[in-house]
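Novice: Return a 3D structure for these sequence lines:
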Amino acid sequence: MTIDEELNLLDSNLRRLKIEYEIFFSNPTKRPPTDIEWRVLNQLRKFSDGGKLSFSQRYRYNEMAQRYAIYSDLWRKKSRIREEGYRRPQDALLSVQGVREEEHQPEHHVYGVAQPAGDGEEKPFTIQCSDPGTESDRVQTLFTALSDAKKKSGEQVSTNLESFTSFVKKKTAEIRKQYGCHSVEYSVEIHEGKARLKAKAKI
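Specialist: Take a look at the predicted model:
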């Protein structure tokens, strides 16, 4: 199964999970859909480091991770109200209202799931390299992420994979020597409309 197919499956399972929770909260005899939620969490955690995703796939993953975090927060509150009873008028409203993502931000983080950046900014794509000479797949993923980011911001991709690989090899060696670290974390982000590649020591 390709990464895009796995992301499609994650999206499908997330939609099904939302429906199952709506059924659960409307029926006192139903059990919570823990099996489906376990599958969704496993799929989210599988890609949480972003190492295998292209920039566009990372963007899509972040959207689904944020959606799950919003849903999970509401489900947690509704479950507490269901167990403890309605203490305030707004509790009764929350117990029956639908999920409206644009009006709700999660109050808790989901363990093992990367959280997208706030203020409408996309979470930077990150990947670690310790020996680019033997990690060609990681370097290619990083190159693709940077190229995608440049295209998205309207910039020209002025380098090729070969010269980019040489740059990453040199940069990784310099940072490892300077800081005595095991690996280097590279991140790709769009800041003020421009694609940026950053590197920092990772112990």
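Novice: After the worst-scoring helix or strand of the chain on mean pLDDT, which helix or strand is next?
Specialist: Least confident helix or strand, the chain: helix 89-96 with a mean of 44, by mean pLDDT, DSSP states H and E. Using DSSP states H and E, the next helix or strand after helix 89-96 towards the C-terminus is strand 125-129.
Novice: hmm, who's touching the helix or strand that that following strand is followed by?
Specialist: The helix or strand immediately downstream of strand 125-129 is helix 136-152, counting by DSSP H and E. Helix 136-152 is contacted from outside by 51-56, 58, 125, 127-129, 132, 156-157, 161, 164-165, 168, 186, 188-190, 195, 197, using Cβ atoms under 8 Å, 6 or more residues apart in numbering. Using the backbone N, CA and C atoms, a C-beta is placed for each residue, glycine as well.
Novice: and what of stretch 36-55?
Specialist: By Cβ under 8 Å, 6+ apart, the residues outside stretch 36-55 that reach it are 3, 6-7, 9-10, 13-14, 16-17, 20, 58, 61, 64-65, 68, 110, 112-114, 125-128, 138, 141, 144-146, 148-149, 152, 188.
Novice: got the buried residues for that stretch?
Specialist: 36, 37, 39, 40, 41, 43, 44, 47, 50, 53, 54, 55 (16 or more other Cβ atoms under 10 Å).
Novice: Only the buried subset of the contacts of stretch 36-55, as a ChimeraX command please.
Specialist: Burial among the contacts of stretch 36-55 is assessed by 16+ other Cβ under 10 Å; the matching ChimeraX selection reads:
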select :6,7,10,13,14,17,20,58,61,64,65,68,110,113,114,125,126,127,128,138,141,144,145,146,148,149,188
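Novice: Tell me the spacing between residue 58 and residue 68.
Specialist: 16 Å (Cβ to Cβ, to the nearest Å).
Novice: same question, residue 40
Specialist: Residue 40 is 6 Å from residue 68, by Cβ to Cβ.
Novice: so what sits against both of the two?
Specialist: With Cβ under 8 Å, 6+ apart as the test, residue 40 and residue 68 both reach residue 14.
Novice: per-residue confidence for the residue most central in space within the chain?
Specialist: Most central in the chain under Cα atoms, centre = their mean is residue 62, positioned 3.4 Å from the mean C-alpha point. As predicted, residue 62 sits at a pLDDT of 83.
Novice: After the helix or strand where residue 41 lies, heading C-terminal, what element do we hit next?
Specialist: Assigning secondary structure by DSSP H and E places residue 41 in helix 34-46. Later in the chain than helix 34-46, the nearest helix or strand by DSSP H and E is helix 55-84.
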